[in-house]
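Engineer: Quick one, structure for this:
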Amino acid sequence: LSTVSGGGYSGSALTWFNLKFGTFPFGDKEKFRGSQSFTDTESSGGLRGIPPGTPEASNCILSFIRQHGNYLVPFELGKAALIARALLSVLHSAAAYLIIISLVFVFFLYLVDNPALMNEVWAGIALVGLKETQIESWLNIWKESDISNFQVIFTGLFIFLTLIFLTLFIFLIFLYGISTFFSKETPGGYCLRVWVERGMGWNVALLGSCFVLALIPLGSEALAFAGNKSVSTGISGGTTVVGALVAIFKFWSDISGKESKGGMLSAILIPALALLVIFAILSLGFSLGLLVINGPILVWIFLLLAFVIGIIVNLNLVSPHRMYRDRLTETFLWNYDKGPEAKLCDRGNLALHTPLSEMMVDSPKNWTPYQLVNTNLVLTDSRVPKYRGRLGDGFILSPLFCGSEATGYLATKSFMNNKMTLATAMATSGAAINPNAGVAGSGLTTTFSVSFLMTLFGLRLGIWTPNPGATLQNKTSFLPPNYVFPGIRSLLSFGQNEKNIRIELSDGGHFDNTGLYELVRRRVTNIILSEAGADPDFTFGDLGNAIEKVRVDFGVRVVFKNLHLDGILPGSQSATSTGAGKVFDEKFDLSKQGHAVATIHYPATRNEPKKIGKLFFIKAALVRDLPSDIYAYKAVNPVFPNQTTADQFFDERQFEAYRELGYQLTKPVVPKMV
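Structural biologist: Here you go, the predicted structure:
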């Protein structure tokens, strides 16, 4: 059983209830029914007294899940708790990184307070025709503001460095051009060109960075000016502006990590907006640095805060991941022995403390498929071009082994000191919001500016774990993943590769949103793929991404031949229908079928001959002869069954529409598999 992203909710529930309580959780397995209520059992004390493994117990579990589709806001907590918990993560992360940024500026401000150094800077500025008075006039755009000597010197230093790098770049350009006259095609000449081109790249990066830093004091003054000439008021006003911008960005950001429908315009405007917010954040950090350097006691206070918040605090536990995991667990992996009316802490406590390594079949009665939970290993700076181009690699969490091709594998009992649970694996596999990651390794959330903001404000559902391939993978447990290490690395989108002691895992859909990849790796003969991702335009993007990856990595071809994908397209039914039925088909834009069958061509390997397999592909689509309530739901929800995966607040009707649709689409596939 290979699960990924939201599919891991039901897949993990199957594993949990089957193995732990011997109960199939999705209705009466023998009669294929899943709609019975458990109202009567609730009035008699919930599940207590109902033997595990019975149809009644199974119906109760499914009914409980159906009634708790709005799992992020359980009745015991409400929406206020969700908002408060989200604010905790955002404010905690923003405060930690602002303190770290301000301390960096404090270091620079102490550096520029050196008279000997600044004499050299002024001499260099005079050498290129810029005088100190000119720089001061640039900084006095807001004449009512008080420009401190620190700001003048800071800007002067970085203007000087900008001019140095600009001069060096112009020199390299002319030097490169002149060298072409004398160049010969020799190995040494080629290596020299590579060295020069690499140096020019670093030069441009440093030039741009110094130019931005030279403008930071101006940004700081703008914030102070906006706050009635008060730096402190300016900071609070700037924080309000930044908060509003981040709220806009958060509203835009789809939880699935997919591209915004704004197309090229959004692809330009969103990163540009993010860069403006980053500049405002740096200006705030500079303003804080000025406050700190003017009060020496504040330096020690900030150093203490940086140590406590930046190093001691566990990123995995303060981020939204923990809240997200807890809410999922209370709904999909709850403790049957405690009953559905149990308190939240009793309902989810068992799963949160049961190691993933124990999710193994121990008797025929408790049989269930061996589950592979798919996640994505974030690799923005991998040493391998394949991983770097994809920004990641598929990373599995399973009862026996955890790991990826990039890192190698480790026994689950040894991974994270056997603290990985099915609950954590399930939540990580569904961690759609994560910096430096996007569906199939693409999207605006993979850009530097957007990832910087997501990291800064703690918008991360993924987790940091030890590297299963690192020699010291369990030797760093005394120091939790924190805002300094590996937080700074994530903030700057730098150095995340397969050799790090700590690695970051995100939604499995950021690599393969179908779960097909790991099954093909194991050369499974018959594969049933249920694909219910939001795909309103029926681009088959997730399927296409998976087929491309298995062909490139394993030489496996997946070919749809007997039943083609065109029968799944909306409107394919009305294209061939006539009479009164055509009106109905057109009204609901019905598909001819909700499935297709493909042939899997496995090539010969060193240990196995080539073979043929079958892929039974089931796609969320509306067809004929469905229960009338599904068509009624479609009538008032036109996007169904492709509503955005940002919707994590299902009511009973929405939950049941998708569940029953899945059941109806699967029925015609079963005879073809026998």
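Engineer: quick one: secondary structure of the residue lying closest to residue 401 once chain neighbours are set aside?
Structural biologist: Residue nearest to residue 401 in three dimensions, not counting chain neighbours: residue 409, with 4.6 Å by C-beta to C-beta, 6 or more residues apart in numbering. C-beta coordinates here come from the backbone N, C-alpha and C atoms, glycine included. Here residue 409 is recorded as strand under DSSP: H, G, I helix; E, B strand; the rest coil.
Engineer: Mind giving me the packing neighbours of the one helix or strand residue 108 maps to?
Structural biologist: Here residue 108, judged by DSSP states H and E, is contained in helix 78-112. Secondary-structure packing of helix 78-112 (3 or more C-beta pairs under 8 Å, 6 or more residues apart in numbering; DSSP states H and E): helix 149-182, helix 264-293, helix 296-307, helix 315-318, helix 320-332, helix 448-456, helix 487-491.
Engineer: Could you check the angle it makes with helix 149-182?
Structural biologist: For helix 78-112 against helix 149-182, the angle by axes from the mean of the first three to the mean of the last three C-alpha atoms, to 10 degrees is 80 degrees.
Engineer: Spatially nearest residue to the residue most central in space within the chain (excluding sequence neighbours)?
Structural biologist: Central residue of the chain (C-alpha atoms, centre = their mean): residue 434, 2.6 Å from the mean position. Of all residues not flanking residue 434 in the chain, residue 506 sits nearest, at 3.8 Å (C-beta to C-beta, 6+ apart).
Engineer: from what I can see residue 482 touches residue 311, true?
Structural biologist: Yes - Residue 482 is within contact range of residue 311, at 5.0 Å (criterion: C-beta atoms under 8 Å).
Engineer: Between those two, which is the more surrounded one?
Structural biologist: residue 482 (22 against 15; other C-beta atoms under 10 Å).
Engineer: quick one: that one from residue 278, how far?
Structural biologist: Residue 482 sits 22 Å away from residue 278, going by C-beta to C-beta, to the nearest Å.
Engineer: How about residue 650?
Structural biologist: With C-beta to C-beta as the criterion, residue 650 and residue 278 are 36 Å apart.
Engineer: swap in residue 495?
Structural biologist: Using C-beta to C-beta, residue 495 is found at 19 Å from residue 278.
Engineer: What distance do you get for the nearest residue to residue 359 once chain neighbours are set aside to residue 463?
Structural biologist: Spatial nearest neighbour of residue 359, chain neighbours left out: residue 399 (4.6 Å); criterion: C-beta to C-beta, 6+ apart. According to C-beta to C-beta, residue 399 and residue 463 sit 18 Å apart.
Engineer: Between those two, which has more neighbouring residues?
Structural biologist: residue 463 (26 against 23).
Engineer: can you count the residues close to residue 583?
Structural biologist: For residue 583, using other C-beta under 10 Å, the count is 10.
Engineer: For it, which three-state class applies?
Structural biologist: Residue 583 ends up helix, using three-state DSSP.
Engineer: Give me the distance between the residue nearest to residue 401 and residue 463.
Structural biologist: 18 Å.
Engineer: again with residue 609
Structural biologist: Taken as C-beta to C-beta, the span from residue 609 to residue 463 is 41 Å.
Engineer: contacting residues around residue 305?
Structural biologist: residue 99 (C-beta atoms under 8 Å, 6 or more residues apart in numbering).
Engineer: start the count at 734, not 1, going forward
Structural biologist: Yep, numbering from 734; the last one is residue 1038 now.
Engineer: Look at it and report its pLDDT.
Structural biologist: What the model reports for residue 1038 is a pLDDT of 80.
Engineer: Next up, the contacts around residue 1108.
Structural biologist: Neighbours of residue 1108 in contact, by C-beta under 8 Å, 6+ apart: 1127-1130, 1158, 1161-1162, 1164, 1195, 1238-1241.
Engineer: switch to 7 Å and redo it
Structural biologist: 1128, 1130, 1161-1162, 1238-1239, 1241 (C-beta atoms under 7 Å, 6 or more residues apart in numbering).
Engineer: What is the most widely separated pair among these?
Structural biologist: 1130 and 1239 (12.6 Å; C-beta to C-beta).
Engineer: Give me the distance between the nearest residue to residue 1293 once chain neighbours are set aside and residue 1291.
Structural biologist: Distances taken as C-beta to C-beta, 6+ apart place residue 1331 nearest to residue 1293, at 4.5 Å, with adjacent residues excluded. According to C-beta to C-beta, residue 1331 and residue 1291 sit 5 Å apart.
Engineer: any common contacting residues for these two?
Structural biologist: Joint contacts of residue 1331 and residue 1291 (C-beta under 7 Å, 6+ apart) are residue 1348.
Engineer: which stretches of this protein aren't confidently modelled?
Structural biologist: 764-782, 846-882, 912, 915-922, 956-1000, 1098, 1204-1211, 1295-1296 (pLDDT under 70).
Engineer: Please enumerate the strands of it.
Structural biologist: For the chain, applying DSSP state E gives strands covering 735-737, 1105-1111, 1125-1130, 1134-1137, 1141-1144, 1196-1199, 1235-1240, 1259-1264, 1290-1296, 1328-1335, 1344-1352.
Engineer: what about the ones you listed, which gets the closest to residue 803?
Structural biologist: Nearest to residue 803, of the strands of the chain and by C-beta to C-beta, is strand 1235-1240 at 21.1 Å.
Engineer: Contacts for that closest one, please.
Structural biologist: 738, 990, 1108-1111, 1128, 1140, 1161-1165, 1167, 1170, 1195-1200, 1209, 1214, 1219, 1223, 1229.
Engineer: May I have that strand exported as PDB, CA atoms only?
Structural biologist: The C-alpha coordinates for strand 1235-1240 follow below in PDB (Å, rounded to 0.1, in the frame of the first residue of the first chain):
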ATOM      1  CA  ARG A1235      19.800  16.900   9.300                       C
ATOM      2  CA  ILE A1236      17.400  16.700   6.300                       C
ATOM      3  CA  GLU A1237      14.000  18.200   5.600                       C
ATOM      4  CA  LEU A1238      10.900  16.100   4.600                       C
ATOM      5  CA  SER A1239       7.800  17.600   3.000                       C
ATOM      6  CA  ASP A1240       4.700  16.400   1.200                       C
END
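Engineer: how much space between residue 1336 and residue 1345?
Structural biologist: From residue 1336 to residue 1345 the distance is 11 Å (C-beta to C-beta).
Engineer: Between those two, point out the one with more neighbours.
Structural biologist: Each of residue 1336 and residue 1345 has its neighbours counted (other C-beta under 10 Å); residue 1336 has more, 13 against 9.
Engineer: measure the nearest residue to the more buried one once chain neighbours are set aside to residue 1281 for me?
Structural biologist: The shortest distance from residue 1336 to any non-neighbouring residue, by C-beta to C-beta, 6+ apart, is to residue 1288 (4.6 Å). Distance, residue 1288 to residue 1281, using C-beta to C-beta: 12 Å.
Engineer: hmm, back to that, residue 793: which of the contacts of residue 1108 is nearest?
Structural biologist: Closest to residue 793, out of all of these and judged by C-beta to C-beta, is residue 1162, at 26.1 Å.
Engineer: Next, find the distance separating the closest one from residue 797.
Structural biologist: 22 Å.
Engineer: Of these two, which one has the most company?
Structural biologist: Using other C-beta under 10 Å, the more surrounded residue of residue 1162 and residue 797 is residue 1162, with 32 against 22.
Engineer: Tell me who's in contact with that one.
Structural biologist: Residue 1162 neighbours (C-beta under 7 Å, 6+ apart): 736-738, 741, 1106-1108, 1240-1241.
Engineer: Please produce a ChimeraX select command covering the buried subset of those residues.
Structural biologist: Burial among those is assessed by 16 or more other C-beta atoms under 10 Å; the matching ChimeraX selection reads:
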select :736,737,738,741,1106,1107,1108,1240,1241
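Engineer: mind putting the contacts of residue 1162 in JSON lines, distance to residue 951 included?
Structural biologist: Shown next, in JSON lines, are the contacts of residue 1162 (distance: C-beta to C-beta, whole Å):
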{"residue": "736", "distance to residue 951": "51"}
{"residue": "737", "distance to residue 951": "47"}
{"residue": "738", "distance to residue 951": "44"}
{"residue": "741", "distance to residue 951": "48"}
{"residue": "1106", "distance to residue 951": "49"}
{"residue": "1107", "distance to residue 951": "47"}
{"residue": "1108", "distance to residue 951": "43"}
{"residue": "1240", "distance to residue 951": "39"}
{"residue": "1241", "distance to residue 951": "44"}
